[in-house]
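Visitor: here is my input, please return the structure:
(one chain, ligands or ions: 2)
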Amino acid sequence: MKIISVQNNKGGVGKSVSVGFISQLLAYLDKRVLVVDLDPQSNLTMMLGAFIEDSDDVIDGIATSPVKNISDLFIGRYAIKEDVESCIHDTIIENIKIIPSSPRHANTLSILHQDNKMGNINIILKKALATVKDDYDYILIDSAPTIDALTTNSLYCSDLVLTPVEDSDFSLKGLRETIRLIQKTKEQYGLDMTFGGAFLTRSERNTNSFKIFNNKYHSQLGEYMLNTSISKDVKVKEISSMCVPILSYCPNTSSVIDYSKLIIELHILDDDAQQELINCITE
Ligand SMILES: Nc1ncnc2c1ncn2[C@@H]1O[C@H](COP(=O)(O)OP(=O)(O)OP(=O)(O)O)[C@@H](O)[C@H]1O
Ligand SMILES: [Mg+2]
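Guide: Ligands and ions are numbered 1, 2, ... in the order given. Now for the predicted structure:
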């Protein structure tokens, strides 16, 4: 069982799309996958067809909802399997379950800070996932573009952290800060987590600008950069907005091939699944 989180405090770099693609490829390989959406924007939840509107009712300052989601898990500090399972829902993909998000999750941290229950706020997610992790082969966590206690929660429970980046000077600066934050959190709390690397997304590999930035990223960040980059692919927007299973909609599109290569490069699969994925992209 591996817990993988995708982090970058810069917005719009492809975090949610990366979790969407990687989780669907793992599910295709017959792995049992749980995805966790920590972002109130709920893009991943929508992409996987699991979005449920919050209701208009507010009780004791807390928004209500017809179903439980990540906000309830944090506010209730769920650490019993039955409670955590009440936040896990089906998606459009059979092998993928989700702890979804919704806009009310934007208030989760302020509600948690107000409540006077004792306990480390940084380990709520780790405690919750510990109760269900034996039911899955992979847990993937998508984060909001922020640095806060939710970020620390995801770092706390991750075995592996990945960072998608765009090819620009601003992103390079942001990436250095993100890597520094990850390393600092790891040392500060003595976490057993590995930074798996950064990878370029929305790449136009035949342009000069890509070649220049790719060289710059690799020479400045060395081992922190993965070799695989994800190409810019018009199908990505279609998939995200239509909430269709990627592998039935466009199994051979360039982004599917690239995310497959990324998974292969990460060596997160058992030998049989690794070989199956290699065969898929070389056929
Ligand atoms: N490989 C790609 N090719 C083309 N478009 C892409 C690709 N990857 C992501 N996008 C598009 O870029 C936008 C941002 O992607 P995404 O939502 O995954 O970023 P994010 O890092 O999760 O953003 P946020 O920080 O706001 O949560 C989306 O419109 C998505 O469809
Ligand atoms: Mg996102």
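
Visitor: only C-alpha atoms from now on, for both contacts and neighbour counts.
Guide: OK.

Visitor: tell me who's in contact with residue 13.
Guide: 164-166, 201 (Cα atoms under 8 Å, 6 or more residues apart in numbering).

Visitor: where do the strands sit along the chain?
Guide: 2-6, 33-37, 58-59, 62-63, 89-90, 96-99, 138-142, 160-165, 194-200 (DSSP state E).

Visitor: follow-up on the earlier one: make CSV from the contacts of residue 13 and add pLDDT to it.
Guide: CSV is the format used below for the contacts of residue 13 (pLDDT from 0 to 100):
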residue, pLDDT
164, 96
165, 93
166, 88
201, 95
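
Visitor: among these, which pair sits farthest apart?
Guide: Using Cα to Cα, the two most remote members of the contacts of residue 13 are 164 and 166, lying 7.1 Å apart.

Visitor: anything in contact with each of the two?
Guide: 13, 200-201.

Visitor: ok, which of those residues also contact ligand 1?
Guide: Near ligand 1, judged by Cα under 6 Å from any ligand atom, the entries from those are 13, 201.

Visitor: I'd assumed residue 100 was in contact with residue 88.
Guide: Yes - assessed by Cα atoms under 8 Å, residue 88 is found in contact with residue 100 at 7.5 Å.

Visitor: settle it for me: which of the two has more neighbours?
Guide: Set residue 88 next to residue 100 and count neighbours by other Cα atoms under 10 Å: residue 100 wins out with 32 against 21.

Visitor: what separates residue 281 from ligand 1, distance-wise?
Guide: Taking Cα to the nearest ligand atom, to the nearest Å as the measure, residue 281 falls 17 Å from ligand 1.

Visitor: dump the residue contacts of that residue.
Guide: Contacts of residue 281 (Cα under 8 Å, 6+ apart): 257, 260.

Visitor: ok, residue 74 next?
Guide: Listed by Cα under 8 Å, 6+ apart, the contact partners of residue 74 are 108, 112, 124-125.

Visitor: quick one on the thing from earlier: more neighbours, residue 164 and residue 166?
Guide: residue 164 (27 against 23).

Visitor: setting aside sequence neighbours, what's the nearest residue to that one?
Guide: Take residue 164 and drop its neighbours on the chain: the residue closest to it by Cα to Cα, 6 or more residues apart in numbering is residue 199, 5.0 Å away.

Visitor: next up, the contacts around that neighbour.
Guide: Per Cα under 8 Å, 6+ apart, neighbours of residue 199: 162-165, 225-230.

Visitor: around ligand 1, which positions in the stretch 101-250 of the chain sit nearby?
Guide: 144-145, 201-202, 230-234, 236-237, 240.

Visitor: looking at the residues you listed, which is nearest residue 32?
Guide: The closest of those to residue 32 turns out to be residue 240 (Cα to Cα; 21.6 Å).

Visitor: ok, the closest one - how many residues close by?
Guide: Number of residues near residue 240 (other Cα under 10 Å) recorded here: 20.

Visitor: now swap in residue 50 and tell me
Guide: Using other Cα under 10 Å, residue 50 is surrounded by 19 other residues.

Visitor: what pLDDT does residue 61 get?
Guide: We have a pLDDT of 66 for residue 61.

Visitor: go on, the one 4 residues further on?
Guide: Residue 65 is assigned a predicted lDDT (pLDDT) of 77.

Visitor: contact partners for it?
Guide: Residue 65 makes contact with 53-55 under the criterion Cα under 8 Å, 6+ apart.
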